[in-house]
Every structure is written in structure tokens, then in C-alpha cells.
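K.L.:
one predicted model, sequence on top.
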Amino acid sequence: MRIIEIANRPSIVLNNEETALFEYIQFHQAIEKRELDPRQQLLANQLVNKDLVIRRKVNGHITYTISPRI
């Protein structure tokens, strides 16, 4: 488990799978949804709900990037 602290916000706890995907997205700058398997897509949506990852549509493809608030 990993705890992420953001200024002026409560700490966010990530499980091991979420941590692995979060670090993978950080390393690659941006990841397209089609590159992820169904489980990773679910985890990516959880990271979006936790406000750690931003989901955008770029050139017709859904892309995940790390939130600039991190």
C-alpha cells in the first residue's frame, strides 16, 4: 500500500495494483486506454475517481495522464 499526500487535501491510500499502474502512467507521461487490459482500465478509472489521474479524449482516443496537482 502507498499513501499519497497532496497539499490542502486528505491523504489518499492506494492498493498495490493502483500503485503499480500509477507509477506506470507516471513513467510513460500518458497512456491510451486501448493499451490497458480490462483490469487496468478499471484501476485507471479508480485513480480518476481519486483525482490522481486525468482522463482526456485526444485524437479520438481516451488517454490517461497524471494530474498536475500531484
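P.N.:
Looks like it came in fine.

K.L.:
run through the bridge partners of the residue nearest the centre of the chain.
P.N.:
When C-alpha atoms, centre = their mean is applied to the chain, the residue found nearest the centroid is Val53 (3.8 Å). With DSSP bridges as the criterion, Val53 is bridged to Ile66.

K.L.:
mind listing what it touches?
P.N.:
Phe22, Ile25, Ala44, Leu47, Tyr64, Thr65, Ile66, Ser67 (C-beta atoms under 8 Å, 6 or more residues apart in numbering). C-beta: built from backbone N, CA, C; applies to glycine.

K.L.:
show me what the strand or helix carrying the second one is packed up against.
P.N.:
What that stands for is Ile25. For Ile25, the element it lies in under DSSP states H and E is helix 16-28. The contact analysis (3 or more C-beta pairs under 8 Å, 6 or more residues apart in numbering; DSSP states H and E) places helix 16-28 against helix 38-49, strand 61-66.

K.L.:
same for whichever helix or strand comes after it, what does it pack against?
P.N.:
Per DSSP H and E, the first helix or strand lying C-terminal to helix 16-28 is strand 30-32. Packing partners of strand 30-32 (3+ C-beta pairs under 8 Å, 6+ apart): strand 61-66.

K.L.:
elements contacting the strand it packs on?
P.N.:
helix 16-28, strand 30-32, helix 38-49, strand 53-58.

K.L.:
what angle sits between that strand and helix 16-28?
P.N.:
100 degrees (axes from the mean of the first three to the mean of the last three C-alpha atoms, to 10 degrees).

K.L.:
what's next to strand 61-66, contact-wise?
P.N.:
22, 25-26, 29-34, 44, 47-48, 52-57.
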